[in-house]
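Asks: Okay, structure incoming, though there's no sequence with it:
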């Protein structure tokens, strides 16, 4: 018996706490799912699939809070995907079971597991279930899809505390790539008190300095549970391609030592080009302009 299209994941927003996932989601860990198909000689019928098994994100301790307690230093989550796994053909054992070790993406969300099976003759079946990857302390990074140099904007971290007690949370941001910088009066780190089951938003005002790729790392640290995310965003050029045209006439009895052009100061020298065309008559100049008019 084979299962077709097994374990296709779909991304959706988390709806509840993790059931039995432990305190942490394991980075690069493997989530095992049993996909069991009951063989039957009777009529085709839907079959059971997938019972989720938990994972956990483990990290060592580093740093300390104001009371001297060590803070858990997390591994930054950066592997995000819309589909966790897809396989067109999986062969089961004699009992109709197949075990998979799947490195889960690091999205904290609800995943849907779907399977379809085909047996001897016309026996077919399908099944689906859901698993949740979650943590007891997590945050959601909020940022634009892209930045434009010279812009000022707000980056946010929405920190959620699902622990059993209130915790002082050290929230920080790190900007890499030399494209973004915090405004002068903005601190990169601050400590906030978040009640059990509560959440809080922390904002940073940022300016885009140069074009390129921005690396943003945010952390939320406590002495019990921590979370971190690393994302990359494009920083676009402030400006548009522009052509400045100039035309003039030099008569036979006129002498000029120079022609003055207005060159913009805020230009990209490596992308700037000066083109000079001259002709002895207006008719010749019109011929040169015809391809431009056609386009």
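Replies: Yes, it's here. Note that the structure is predicted; figures quoted are calculated from it, not measured.

Asks: in its sheet, what does the helix or strand encompassing residue 111 sit against?
Replies: Secondary structure assignment for residue 111, by DSSP states H and E: strand 110-118. When pairing is defined by DSSP bridges, strand 110-118 lines up against strand 2-4 (antiparallel), strand 11-12 (antiparallel), strand 124-132 (antiparallel).

Asks: distance between the longest one and the chain's centre?
Replies: Centre-to-centre, strand 124-132 and its host chain are 27 Å apart (C-alpha atoms, centre = their mean, to the nearest Å).

Asks: Pairing partners for the next helix or strand after that strand, with directions?
Replies: Later in the chain than strand 124-132, the nearest helix or strand by DSSP H and E is strand 137-142. Within its sheet, and counting by DSSP bridges, strand 137-142 is paired with strand 152-161 (antiparallel).

Asks: Surely residue 146 is in contact with residue 232?
Replies: No - assessed by C-beta atoms under 8 Å, residue 146 is found out of contact with residue 232, at 10.7 Å. C-beta here means a position set from N, CA and C on the backbone, and glycine is covered the same way.

Asks: helix, strand or coil for residue 145?
Replies: coil (DSSP: H, G, I helix; E, B strand; the rest coil).

Asks: And it, how far from residue 266?
Replies: Distance from residue 145 to residue 266, counting by C-beta to C-beta, to the nearest Å: 25 Å.

Asks: Kindly report the same for residue 75.
Replies: Applying C-beta to C-beta to residue 75 and residue 266 gives a distance of 42 Å.

Asks: now swap in residue 192 and tell me
Replies: 40 Å.

Asks: Which of those two has more residues huddled nearby?
Replies: Under the criterion of other C-beta atoms under 10 Å, the comparison of residue 192 against residue 266 puts residue 192 first, with 16 against 6.

Asks: Surely that one is in contact with residue 169?
Replies: Yes - using C-beta under 8 Å, residue 192 is in contact with residue 169, at 5.5 Å.

Asks: Residues in contact with both of these two, list them for me.
Replies: Residues touching both residue 192 and residue 169 (C-beta atoms under 8 Å, 6 or more residues apart in numbering) are 159, 200.

Asks: how much space is there between the closest residue to residue 77 other than its chain neighbours and residue 135?
Replies: Take residue 77 and drop its neighbours on the chain: the residue closest to it by C-beta to C-beta, 6 or more residues apart in numbering is residue 106, 3.8 Å away. Applying C-beta to C-beta, the value for residue 106 to residue 135 is 10 Å.
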